[in-house]
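Peer 1: predicted model follows, preceded by the sequence.
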Amino acid sequence: MNALAATNRNFRHAARILGLDAKIEKSLLIPFREIKVECTIPKDDGTLVSYVGFRVQHDNARGPMKGGIRYHPEVDPDEHQTWELMHRLWQWILDEYSKFHGHSPAIVTGKPIDLGGSLGREAATGRGVVFATEALRNEYGKSIKDMTFAIQGFGNVGSWAAKLIHERGGGVLNRENAGKVRAKFIIEAANHPTDPEADEILSKKGVIILPDIYANAGGVTVSYFEWVQNIQGFMWDEEKVNNELKRYMTRAFHNIKSMCQSHNCNLRMGAFTLGVNRVARATVLRGWEA
Ligand SMILES: NC(=O)C1=CN([C@@H]2O[C@H](COP(=O)(O)OP(=O)(O)OC[C@H]3O[C@@H](n4cnc5c(N)ncnc54)[C@H](OP(=O)(O)O)[C@@H]3O)[C@@H](O)[C@H]2O)C=CC1
Ligand SMILES: O=C(O)CCC(=O)C(=O)O
């Protein structure tokens, strides 16, 4: 099942749990705006190359929309060149927007520190995963140092999570001992790592899954902090960024748990019902329901 179909299925399940009005359900399911752009660029050899881009703006009932930028893997598979490209892209977005609106660093996040980026953003998603894991483990009366972790994927998120888990005394499995894994908990640090069918099988086995929309939200949360700092024109030190991140992740965990208790549902549905309910309430208050 593709990611959109799986997300829509989870959304509909959450809407049923909440008893959401059919009109609101329909209005929240369909994105507010989808834009397709085509950009034709002359190459050094004089030939033209054409790129197609998409921008989906889903809902702004609760505030401005934001999201990650994705590239097709074939655009530029070389890591170093990708990093260079990202720097130029941030600069370009910033410059183009600022031409019309004056200097506006808040318009794009994940910027290099020298261009108004936030301290702590690079590690934020992995750090958020660790804070989320700590919140979950506190529920079960254990600490990270009592546990062993298998981490799948060792890029930005996985490597930071591994480093921070190691610092807290947790064991990280490697290829020699990974075969022993009998996981009781799965922390979804990547986007959409568990298919709904797999979700059901794991739930029946009693495996507790901390869902992606919560567990990997540390990155977008610190991107939000970057936006806040840019608007304030004031830079926070890294300790403040990390402390605020911990506060947000821990509070969100308790909000999810309280939805789980009210609706007798698992953590994924707790997270979905929490988010859907907030957006639905804002939609009704704004008088935007279809
Ligand atoms: N970076 C961020 O701030 C955020 C990231 N995310 C999500 O987290 C995930 C990881 O992102 P990020 O760390 O930035 O990405 P990176 O590109 O830095 O790292 C991805 C890692 O995953 C590995 N990988 C790729 N495919 C597989 C697979 N099938 N099985 C196991 N490992 C695999 C890659 O290995 P190799 O290099 O060998 O290909 C690489 O080590 C993505 O789903 C992303 O959308 C979510 C929120 C924020
Ligand atoms: O930093 C952001 O705003 C988005 C990060 C994110 O969630 C992602 O890239 O998947």
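Peer 2: Here it is on my side, so go on. All of these numbers come straight from a predicted model, not from anything done at the bench. Residues are numbered from 1 along each chain as shown. Ligands and ions are numbered 1, 2, ... in the order given.
Peer 1: the helix or strand containing residue 23 packs against which elements?
Peer 2: Using DSSP states H and E, residue 23 falls within helix 22-29. In terms of contacts (3 or more C-beta pairs under 8 Å, 6 or more residues apart in numbering; DSSP states H and E), helix 22-29 is packed against helix 3-18, helix 267-285. (Glycine included, C-beta is placed from N, CA and C.)
Peer 1: nearest to residue 70, out of the ones you listed?
Peer 2: Closest approach to residue 70 among the helices and strands packed on helix 22-29 is made by helix 3-18 (11.3 Å; C-beta to C-beta).
Peer 1: quick one: contacts for residue 56?
Peer 2: Applying C-beta atoms under 8 Å, 6 or more residues apart in numbering, one finds that residue 56 lies in contact with 31, 33-35, 67.
Peer 1: quick one: least confident of those?
Peer 2: On pLDDT alone, residue 67 ranks lowest of these, at 81.
Peer 1: list the buried residues for the helix holding residue 23?
Peer 2: For helix 22-29, the neighbour count (16 or more other C-beta atoms under 10 Å) marks 24-25, 27-28 as buried.
Peer 1: next: stretch 49-65.
Peer 2: 59, 61.
Peer 1: start to end distance for that stretch?
Peer 2: Between the start and the finish of stretch 49-65 there is a gap of 30 Å, counting by C-alpha to C-alpha, to the nearest Å.
Peer 1: burial count for whatever residue of the chain ends up closest to ligand 1?
Peer 2: For the chain and ligand 1, the shortest gap (C-beta to the nearest ligand atom) falls at residue 155, measuring 1.7 Å. Number of residues near residue 155 (other C-beta atoms under 10 Å) recorded here: 10.
Peer 1: returning to what we had before: the helix holding residue 23: how far from the chain's middle?
Peer 2: 23 Å (C-alpha atoms, centre = their mean, to the nearest Å).
Peer 1: burial count for residue 110?
Peer 2: 18.
Peer 1: just the one 3 residues further on next, same as before
Peer 2: Using other C-beta under 10 Å, residue 113 is surrounded by 11 other residues.
Peer 1: now do residue 114
Peer 2: Counted with other C-beta under 10 Å, residue 114 comes out at 7.
Peer 1: looks to me like it is in a helix.
Peer 2: Yes - membership of residue 114 in a helix is supported by DSSP: H, G, I helix; E, B strand; the rest coil.
Peer 1: rewinding a little: pLDDT (mean, whole number) over the helix holding residue 23?
Peer 2: For helix 22-29, mean pLDDT rounds to 93.
Peer 1: buried ones in stretch 234-241, by neighbour count?
Peer 2: 236, 241.
Peer 1: start to end distance for it?
Peer 2: 12 Å.
Peer 1: coming back round to it: so which of the contacts of residue 56 are in helices?
Peer 2: Nothing among those maps onto helices, per DSSP state H.
Peer 1: in strands only, show me the residues you listed.
Peer 2: Using DSSP state E, the subset of the contacts of residue 56 located in strands is 33-35.
Peer 1: so which of those comes closest to residue 186?
Peer 2: Closest approach between these and residue 186, by C-beta to C-beta: residue 34, at 31.9 Å.
Peer 1: about what we covered before: state the pair within the buried residues of helix 22-29 that is farthest apart.
Peer 2: 25 and 27 (7.4 Å).
Peer 1: picking that back up, so which of the helices and strands packed on helix 22-29 is the most surrounded?
Peer 2: Mean neighbours per residue, mean count of other C-beta atoms under 10 Å, is largest over these for helix 267-285, with a mean of 19.
Peer 1: give me the angle between that one and helix 3-18.
Peer 2: 80 degrees (axes from the mean of the first three to the mean of the last three C-alpha atoms, to 10 degrees).
Peer 1: which strands and helices lie in contact with helix 267-285?
Peer 2: With contacts defined as 3+ C-beta pairs under 8 Å, 6+ apart, helix 267-285 has these neighbours: helix 3-18, helix 22-29, strand 208-210, helix 212-215, helix 238-263.
Peer 1: need the contact partners of the second one.
Peer 2: By that I understand helix 22-29. In contact with helix 22-29 (C-beta under 8 Å, 6+ apart) are residues 8, 11-12, 15, 20, 59, 276, 279-280, 283-284, 288-290.
Peer 1: just put these in CSV and tack on distance to residue 257.
Peer 2: As requested, the contacts of helix 22-29 are arranged in CSV below (distance: C-beta to C-beta, whole Å):
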residue, distance to residue 257
8, 25
11, 20
12, 23
15, 20
20, 21
59, 25
276, 17
279, 20
280, 20
283, 25
284, 25
288, 30
289, 29
290, 32
